[in-house]
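Student: Return a 3D structure for these sequence lines:
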Amino acid sequence: MVLVRTPNLNIYGAIVSSIFSTGVIFLLGFIDVSRYVGFDNVFIPVVKSIGCSLFMGVACLMSYNLLSPLMSVKYTIIISIFISLVCYAFAVLVTKTFTPNDMKSVKN
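Tutor: From the prediction side, this is the model:
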């Protein structure tokens with residue numbers, strides 16, 4: 001609420017505080033889980049997931065920038081999201097972020 005009242009930030013202060021609080025909660029949860037499971041067992045999958053997400057984000061931004069001069073915004077967004085989905089799935093398969101045991105646990 002303090003950041004929203006700041007004249008320079010206004011409503012963007014809510015966005016900044018939301019991102020900051022999410023990051024703090026993630027960090028605290030990461031530290032707590034790594035105590036019980038072990039740091040390497042938690043750190044490597046998190047880094048792989050972040051890398052796949054960054055790859056997807058870059059693919060989405062590039063596809064949007066390349067397609068936006070060629071067609072309407074509605075179709076550009078739909079195609080960019082589909083390209084991002086394919087890129088993320090490809091990155092997850094290449095980096096082996098999810099193991100067959102992970103897939104079995106989701107299935108059950």
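Student: so what's the spatially most central residue of the chain closest to, chain neighbours aside?
Tutor: In the chain, the residue lying closest to the centroid (Cα atoms, centre = their mean) is S53, at 4.6 Å. With Cβ to Cβ, 6 or more residues apart in numbering as the criterion, S53 has its nearest non-adjacent residue at 7.3 Å, and that residue is Y88. (Glycine included, C-beta is placed from N, CA and C.)
Student: likewise C87?
Tutor: Excluding the flanking residues, the one nearest C87 by Cβ to Cβ, 6+ apart is A59, at 4.0 Å.
Student: Could you do S49 as well?
Tutor: Excluding its sequence neighbours, the residue lying closest to S49 (Cβ to Cβ, 6+ apart) is T97, at 5.9 Å.
Student: and the one you found, helix, strand or coil?
Tutor: Under DSSP: H, G, I helix; E, B strand; the rest coil, the three-state class of T97 is coil.
Student: Same check on L9?
Tutor: Looking at L9 with three-state DSSP, the answer is coil.
Student: ok, it touching V16?
Tutor: Yes: assessed by Cβ atoms under 8 Å, L9 is found in contact with V16 at 6.7 Å.
Student: per-domain residue ranges of this protein.
Tutor: The chain breaks down into these domains under automatic domain parsing: 1-37, 38-98.
Student: what packs against the helix ranked longest in the chain?
Tutor: Taking DSSP state H as the criterion, the chain has its longest helix at helix 39-67. Applying 3 or more Cβ pairs under 8 Å, 6 or more residues apart in numbering; DSSP states H and E, one finds that helix 39-67 contacts helix 12-37, helix 73-95.
Student: Can you give me the buried ones in the next helix or strand along the chain from the shortest one?
Tutor: Using DSSP states H and E, the helix or strand that follows helix 73-95 in sequence is helix 100-107. With burial defined by 16 or more other Cβ atoms under 10 Å, not one residue of helix 100-107 is counted as buried.
Student: With stretch 52-71 instead?
Tutor: Along stretch 52-71, these residues count as buried under the neighbour rule (16+ other Cβ under 10 Å): C52, F55, M56, A59, C60, S63, Y64, L67.
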